[in-house]
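Asks: Requesting a structural model of the entry that follows:
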Amino acid sequence: MESFLKIDKFSCGYPGKFVVQDIDLEIPKGDFVGIIGPNGSGKTTLFKGITAELPALSGKTILKGEPVHKMSIKKRAQNLAIVTQVIEAGAMTVEDYVLMGRMPYRGQFQFFENEEDVEIAEKYMKLTGVDRLRNKYMNALSGGEQQLAGIARALTQEPQLLLLDEPTSHLDISHQVQILNLIRRLSYDLKLTVLMIIHDLNLAGEYCDSLIMMDNGTLRKKGEPAEVLNYQDIEEVYKTVVITRTNPVSGKPVVFLVSEDVMQKKKEAWH
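Replies: Numbering: from 1, shown residues only. Prediction:
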């Protein structure tokens, strides 16, 4: 399969403090990839390196054969779109917020969106289901609605690569499933390549095509969810006792936690 995003011996970060180092990855077009790992393992630092928010210390990230760090800001915004964990838009309508995704396509003296911009924004507002909220202010929306608006704006950039930073972390289970089902569909229908930082290992295992496990600034493991989500790697990286099983319906891996008092009782029973 052709490599769409290639990360080649790539290091980035904050020298003397924290550095993500020697990352080697190849991601095919249309893949939905989850980045997992405990707090401080380097997930966000890697994200910032891939998007060129942080400069490369060594190596490079190549998107469709072109180094991301050498792209102009405008070209980068036409190829990569980022949805952050917290959407900060203030007193702006959903429609105006989504239309901001067209800014990388404006001509030198074009100050307002044109008919094509409006049509593209309309398409993605409908696709994400936020068209019914178009006249509401962003700061009046729920967390789940804000995330959907953020995804609509990112798609309006018409990117090749969509990066999501913990899009489900503050949401209830119904909104988590709604957003991940949407991302899964986008990846499949639009052949959109998605990189997503996610903390919930069960959601990561259920929805992602492949997973990248980070550990202390290095890439610990990469592969299909069943390969990555095994109890040995999870226990070593997260320093937590877990049990892994298979979802009887989807065939995807499921991770069960074991509380301290239950472990203590089990140890006492074994002795």
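Asks: Point out the other elements, helices or strands, that the top helix by length along the chain touches.
Replies: Longest helix of the chain, by residue count under DSSP state H: helix 173-189. Helix 173-189 is packed against strand 32-36, helix 143-156, strand 161-165, strand 193-197, helix 201-207, with contacts defined by 3 or more CB pairs under 8 Å, 6 or more residues apart in numbering; DSSP states H and E. Backbone N, C-alpha and C define where each C-beta goes, glycine included.
Asks: State the mean pLDDT of that helix.
Replies: For helix 173-189, the mean pLDDT works out to 91.
Asks: ok, now stretch 23-33?
Replies: 94.
Asks: Please apply the same query to stretch 142-158.
Replies: 92.
Asks: distance of Lys9 from Leu46?
Replies: Distance of Lys9 to Leu46, given as CB to CB, to the nearest Å: 14 Å.
Asks: So between those two, which is more surrounded?
Replies: Higher neighbour count among Lys9 and Leu46: Leu46, with 27 against 12, using other CB atoms under 10 Å.
Asks: if we can go back for a sec, joint contacts of Lys9 and Leu46?
Replies: Ile23 (CB atoms under 8 Å, 6 or more residues apart in numbering).
Asks: Just say helix, strand or coil for Ile234.
Replies: helix (DSSP: H, G, I helix; E, B strand; the rest coil).
Asks: ok, and for stretch 146-166, which residues are buried?
Replies: By neighbour count on 16 or more other CB atoms under 10 Å, the buried set for stretch 146-166 is 146-166.
Asks: picking up where we left off before, for the longest helix of the chain, could you pull out the residues that count as buried?
Replies: Under the neighbour-count criterion of 16+ other CB under 10 Å, helix 173-189 has 175-176, 178-180, 182-184, 186-187 buried.
Asks: Now for these: which two are most distant?
Replies: Spatial extent of the buried residues of helix 173-189 (CB to CB) is set by the pair His175 and Ser187 at 18.7 Å.
Asks: So which residue is dead centre in the chain?
Replies: Met196 (1.7 Å; CA atoms, centre = their mean).
Asks: Tell me who's in contact with that one.
Replies: 32-35, 163-165, 167, 183, 208.
Asks: coming back round to it: tell me which of the helices and strands packed on helix 173-189 sits nearest to Ala89.
Replies: helix 143-156 (7.7 Å).
Asks: Count the residues that sit near the residue lying closest to Pro225 once chain neighbours are set aside.
Replies: Nearest residue to Pro225 in three dimensions, chain neighbours excluded: Gly205, at 4.1 Å (CB to CB, 6 or more residues apart in numbering). Gly205 has 25 neighbours, counted by other CB under 10 Å.
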